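S.K.: pasting the structure only:
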């Protein structure tokens, strides 16, 4: 559990742009891992689970930030 807490802490200090870039990289990696799994060339099957959880962590942080951001009022 200590590993995941430190990962979350590291992710919280990143900017929205950095998180989006990391998310894109992780999605590409997940695709490649699925492809490797389909062709029986996967070296570390546990990596699929790690990547999926990292994607979920980033999406959770993005959701938290969007909900905590003040919504723009339509009043002029």
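M.R.: Sure thing, it's come through. The shown structure was predicted, so the numbers you read here are calculated from the model rather than taken from an experiment.
S.K.: So which residue is smack in the middle of this protein?
M.R.: Nearest to the mean C-alpha position of the chain, counting by Cα atoms, centre = their mean, stands residue 55 at 2.7 Å.
S.K.: does that one belong to a helix or a strand, and which?
M.R.: Applying DSSP states H and E as the criterion places residue 55 in helix 46-68.
S.K.: The closest residue to the residue nearest to the centre of the chain other than its chain neighbours: helix or strand, and which one exactly?
M.R.: Spatial nearest neighbour of residue 55, excluding adjacent residues (Cβ to Cβ, 6 or more residues apart in numbering): residue 26 at 5.0 Å. For every residue, glycine as well, the C-beta is placed using N, CA and C. Assigned by DSSP H and E, residue 26 belongs to helix 16-38.
S.K.: Go through that helix and flag the buried ones.
M.R.: 19, 22-23, 26, 29-30, 33, 36 (16 or more other Cβ atoms under 10 Å).
S.K.: How about stretch 8-18?
M.R.: Buried residues in stretch 8-18, counting neighbours by 16+ other Cβ under 10 Å, are found at residue 11.
S.K.: Quick one: end-to-end length of it, please.
M.R.: Across stretch 8-18, the terminal residues are separated by 14 Å (Cα to Cα, to the nearest Å).
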